[in-house]
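Chemist: Dropping the sequence and predicted coords here.
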Amino acid sequence: MERRLLPIKLDSYKPLREVVSETLRDAIAAGVLQPGERLMEIQLAEELGVSRTPVREAIRKLELEGFVVMVPRRGTYVADLSLKDINEVFEIRTALDVLAAGLAAERITDEELELLERLLVHIGEYIDNGDMEKIVDADSQFHDILYKASRNDRLVGIINNLREQFTRFRTISIAYPGRLKDTWEEHRRQVEAIAQRNVDVAMQLAREHMENAEQTLLLDMNERRGYTAGKE
């Protein structure tokens, strides 16, 4: 059996099912587990060095998040990304992020601005070091601060409900060659506009950021499919 997943370190403070979920989610986002590929509980458990129970629980969680699909009497498969899926999620997320950016430009505190600027410095360092795990975590923190700065709890709640559906898209997009530095620059310009309380510019930059992320994702998908077709 070809081993593609590394055994899980059992010293994490998180519940094992969460660690397994994160591992499988990252493997799907990175293309280690390909769209349409069947997921076998026994094989995954052996590769990760865990029992089948946390694998089963993780797969159920990933199904709710849209990463996998369970077909009755056939098994569990990595969910494919359709253009319709991408378009729907980005339409909603763009509208929400644009609104959040505009509200943040009106309502953000000096402390929150300082946090954003500090995160930009850290993200730049992580990019230089190629630390993707810290980049993704810091990027999530960056957006969380922006959403909080909107001072609209219902908006934040709606965005959080979409968070897991967007995780796969964002991870693939920012991992695309050259996209990380572009993302950093887009964030920098957005923080600058918010600091200047320029609502219109902040909203426009948020829209451009989401459009660029979507185009990068589509480009990555086309290249992956072309590579797969070439192998066949």
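Modeler: Looks like it came in fine.

Chemist: Now for the closest residue to residue 85 other than its chain neighbours, how many residues are close by?
Modeler: Once flanking residues are discounted, residue 85 sits nearest to residue 66: 7.7 Å by C-beta to C-beta, 6 or more residues apart in numbering. (C-beta placed from N, C-alpha, C; glycine too.) A count of nearby residues for residue 66, using other C-beta atoms under 10 Å, gives 16.

Chemist: Can you show me the strands along the chain?
Modeler: 38-39, 68-71, 75-78 (DSSP state E).

Chemist: got these as TSV, with mean pLDDT and distance to residue 189 columns?
Modeler: As requested, the strands of the chain are arranged in TSV below (pLDDT from 0 to 100; distance: least, C-beta to C-beta, whole Å):
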stretch	mean pLDDT	distance to residue 189
strand 38-39	94	40
strand 68-71	91	36
strand 75-78	93	35
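
Chemist: Mean neighbour count and distance to residue 53 for the ones you listed - can I get that in TSV?
Modeler: Conversion of these to TSV gives the following (neighbours: other C-beta atoms under 10 Å; distance: least, C-beta to C-beta, whole Å):
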stretch	mean neighbour count	distance to residue 53
strand 38-39	17	15
strand 68-71	15	17
strand 75-78	18	15
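
Chemist: Tell me how many other residues crowd residue 201.
Modeler: 18.

Chemist: If you could redo that for residue 145, that was the one I meant.
Modeler: When neighbours are counted by other C-beta under 10 Å, residue 145 comes out with 18.

Chemist: Looks like it contacts residue 112 (just checking).
Modeler: Yes. Residue 145 lies in contact with residue 112 (C-beta atoms under 8 Å); the separation is 5.6 Å.
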